[in-house]
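**Student:** Pasted the sequence and its predicted model underneath.
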Amino acid sequence: MGKIILVTGGARSGKSSFAEKLALKIGNGRSAYIATAQIFDEEMNFRVKCHKARRGDNWQTFEAPFAAEKKILEASKNFKAILFDCVTIYISNFLCAENLDDEKFLYENLRGLIQKLINATKNSEATVIFVTNEVGGGIVPENKLARRFRDLAGLANQMLAAQADKVFLTVAGIAVDIKKLEEIL
């Protein structure tokens with residue numbers, strides 16, 4: 001049975017760097033990388049290039065802006081560790097492809113989308129490290145799209161954290177295992 005590790009934190013908190021090191025440790029120096037980003041502009045192109053350069057040759061990349069559960073199962077055939085970077089970009093892809101006015105549809109389908117990722121991981125023999133942004137710490141966004149994104153990302157993070165073997169919060173490049181600190185009520 002596969003394992004889930006969730007790595008969360010704010011922008012530029014060190015999430016991806018920490019997750020990359022962890023994946024290489026678990027994977028004995030080789031890991032799969034599930035990339036969810038789609039390149040639509042120069043800024044995203046630059047970010048993707050930076051991530052690729054930082055990772056080096058110890059990684060096999062699987063592009064998965066959609067239906068990433070299939071890539072998890074495919075990658076798990078050859079890798080003990082899979083880095084999924086990132087959940088919030090995956091949610092953005094979902095939001096951009098759907099009708100934003102049907103709130104019930106969005107929530108139901110987002111739950112289904114995340115459950116597919118959980119099921120694929122549990123049905124594999126790999127450890128999947130999901131990187132996600134913690135987006136709920138600020139003020140309530142002023143527009144509907146931003147509020148939907150924040151709410152759906154929070155729901156996805158909670159679903160993954162509930163199933164995760166470990167949950168790390170990164171702040172200023174330091175990761176803390178917050179699942180270990182969880183008080184069970």
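**Tutor:** The structure has been received and is ready for your questions.

**Student:** how about the helix or strand of the chain with the lowest mean pLDDT: buried residues?
**Tutor:** Ranked by mean pLDDT, DSSP states H and E, the helix or strand of the chain with the weakest confidence is helix 42-55, at a mean of 85. For helix 42-55, a neighbour-count test (16 or more other CB atoms under 10 Å) marks 51, 55 as buried. Bear in mind the C-beta positions are built from the backbone N, C-alpha and C, glycine included.

**Student:** Now do the following helix or strand past it against helix 42-55, angle only.
**Tutor:** Next in sequence after helix 42-55, counting helices and strands by DSSP states H and E, comes strand 59-63. With axes from the mean of the first three to the mean of the last three CA atoms, to 10 degrees defining the directions, strand 59-63 sits at 150 degrees from helix 42-55.

**Student:** helices and strands around the least confident helix or strand of the chain, which ones?
**Tutor:** Secondary-structure packing of helix 42-55 (3 or more CB pairs under 8 Å, 6 or more residues apart in numbering; DSSP states H and E): helix 15-26, strand 31-35.

**Student:** ok, residue 14 - contacts?
**Tutor:** Shown in contact with residue 14 (CB atoms under 8 Å, 6 or more residues apart in numbering): 170, 171, 172, 173, 174, 175.

**Student:** My error: substitute residue 100 in the last question.
**Tutor:** Counting by CB under 8 Å, 6+ apart, residue 100 has contacts 106, 144, 145, 148.

**Student:** Can you give me the distance of the third one to residue 178?
**Tutor:** This points to residue 145. Distance, residue 145 to residue 178, using CB to CB, to the nearest Å: 29 Å.

**Student:** Neighbour count: those two, which is higher?
**Tutor:** residue 178 (14 against 11; other CB atoms under 10 Å).

**Student:** wait, the more buried one sits on residue 164?
**Tutor:** No: checked against CB atoms under 8 Å, the pair residue 178 and residue 164 is beyond contact range at 10.1 Å.
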